[in-house]
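Visitor: Okay, predicted coordinates and the sequence, questions at the end:
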Amino acid sequence: MGRLLPPPRRSTRVWAVALGLPFLLGVALLTLTPARVEQTMPNLLDLLLRAIQRLGWTSLDFTRLEVLANVAVFIPVGVLAFLLVPRRAWLLSLLVGPALSLAIETAQYLALPHRAATVSDVLANSTGASIGVVLAIFCTLLAATPSSRPRTPTVEAS
């Protein structure tokens with residue numbers, strides 16, 4: 001599959017780094033500080049949860065919202081990994097999200113006793129990152145011009 005995926009343009013990688021670094025800093029602030037989101041913004045989360053439930057998703061509770069948020073936050077991690085990992089080793093981009101999530105959860109466990117380091121967070125984050133990689137592959141294939149795709153050899157019949 002690596003041959004089907006053209007490498008990203010240099011400008012794409014520059015934008016990925018320019019947008020990815022502040023995003024990753026935000027993820028670090030969100031996950032590696034002593035205060036949990038539900039403690040710093042309880043009213044906002046309650047408002048969000050009530051609004052979603054009023055729209056008809058009554059089975060959504062705080063735990064499910066947290067899982068969905070973990071998935072959503074790591075989708076850009078997968079996209080970023082896919083854009084920055086060399087195409088010949090694109091499968092490694094599937095490992096970046098789980099590795100980052102495991103590092104975050106380990107740091108929370110070892111250094112932040114007020115935070116809950118859980119395997120379910122690693123699974124949700126890994127799922128989000130994998131979705132990001134698949135989304136990036138899909139967009140890459142969709143945006144690839146016919147001239148950038150490698151030609152398959154054809155045999156002419158006489």
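Guide: Received it, and whenever you're ready, just let me know what you need. Since the model is a prediction, treat every value here as computed from it, not as a measurement. Residues are numbered from 1 along each chain as shown.

Visitor: all contacts plus neighbour counts: C-alpha atoms, from now on.
Guide: Noted.

Visitor: So for the helix or strand encompassing residue 11, mean pLDDT?
Guide: Element membership for residue 11 (DSSP states H and E) is helix 10-31. Taken as a whole, helix 10-31 has an average pLDDT of 92.

Visitor: Just the local confidence number for residue 3, please.
Guide: For residue 3, pLDDT reads 63.

Visitor: In this structure, what helix or strand scores lowest on average pLDDT?
Guide: helix 37-40 (a mean of 60; mean pLDDT, DSSP states H and E).

Visitor: Buried residues in the helix or strand following that helix, which are they?
Guide: Using DSSP H and E, the helix or strand that directly follows helix 37-40 along the chain is helix 42-54. Residues 45, 49, 52 are the ones in helix 42-54 that count as buried (16 or more other C-alpha atoms under 10 Å).

Visitor: same question, stretch 7-25
Guide: Buried, per 16+ other C-alpha under 10 Å, within stretch 7-25: 7, 13, 16, 20.
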